[in-house]
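Engineer: Pasted the sequence and its predicted model underneath.
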Amino acid sequence: MTVTPPVEAAPAPERRSIDYSKVPYQLPQPTGMLADTLVASALDLSGDERLWVPQAKDVSFKPLLLNVSQGYFINLIRVRASGVVSRHRHAGPVHAFTLRGKWHYLEHDWIASAGDYSFEPPGETHTLVVPEDVAEMVTLFHVTSGYTYVDPHGVALGYEDSFTKLEQVSRHYKKVGIGDEYIRRMVR
């Protein structure tokens, strides 16, 4: 038995002169795929103050993505006073990138400063503190799942997840005149 190798077809003559690297994808995207999203000026820390959602005294957050279908959220946390911000336990991993100021956890010996990245594993409980010499701290957090606020002995005091964040954002944005369309763009 003789096996004949497949013969490659020569490219059509008209294809030889077209630079396909600059032709956009020509087929439809997968059925049911969500639209992509762009948050213009996401890291503009002095932009529209209404985008910052008050969370506690001197603490606010600016949501970038609230993914209720997969259970994560990405937001900027801004703290404008020193002191203990919160003690919480993570149900999923967290990625953090410090943009301004510095912060640390009472349970660790490192300090996150502007330009630093940190990873927090699922299950970890820690107490976020902004040091005395910091007037403002801003950190981008990508929080998978959610977290539970706890006392020093692990007793649950409250929780946050993509759903509670969406409720906070919706209430605040309606109060300050930001429409539902803006909110819908960040929800997945």
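Structural biologist: Ah, there it is.
Engineer: Can you give the strand pairings for the helix or strand encompassing Ser118, parallel or anti for each?
Structural biologist: With secondary structure defined by DSSP states H and E, Ser118 is part of strand 117-120. For strand 117-120, the paired strands and their directions (DSSP bridges) read strand 94-100 (antiparallel).
Engineer: list the buried ones in stretch 46-53?
Structural biologist: For stretch 46-53, a neighbour-count test (16 or more other C-beta atoms under 10 Å) marks Leu51, Trp52, Val53 as buried. Just so you know, the C-beta spots here come from the backbone N, C-alpha and C atoms, and that holds for glycine as well.
Engineer: Report the helix or strand with the lowest average pLDDT across the chain.
Structural biologist: When the helices and strands of the chain are scored by mean pLDDT, DSSP states H and E, helix 13-16 comes last with a mean of 59.
Engineer: show me what contacts Met137?
Structural biologist: Taking C-beta atoms under 8 Å, 6 or more residues apart in numbering, we find Met137 in contact with Ile77, Arg78, Val79, Thr98, Arg100, Gly101, Lys102, Trp103, Val130.
Engineer: Pick out whichever of the residues you listed sits closest to Tyr147.
Structural biologist: Among those, Ile77 lies closest to Tyr147 (C-beta to C-beta), at 12.2 Å.
Engineer: Just checking: what are the partner strands of the helix or strand that comes right after the strand holding Ser118?
Structural biologist: Counting by DSSP H and E, the element after strand 117-120 in chain order, helix or strand, is strand 125-130. Its sheet considered, strand 125-130 pairs with strand 83-90 (antiparallel), strand 102-105 (antiparallel) by DSSP bridges.
Engineer: for the residue nearest the centre of the chain, helix, strand, or coil?
Structural biologist: Note on the chain: the residue nearest the mean C-alpha position is Ile74, at 1.5 Å, using C-alpha atoms, centre = their mean. The assignment at Ile74 comes out as strand when based on DSSP: H, G, I helix; E, B strand; the rest coil.
Engineer: does it really touch Phe61, like I thought?
Structural biologist: No - the criterion here is C-beta atoms under 8 Å, and Ile74 misses it with Phe61 at 10.3 Å.
Engineer: so which helix or strand takes in Leu140?
Structural biologist: strand 137-144.
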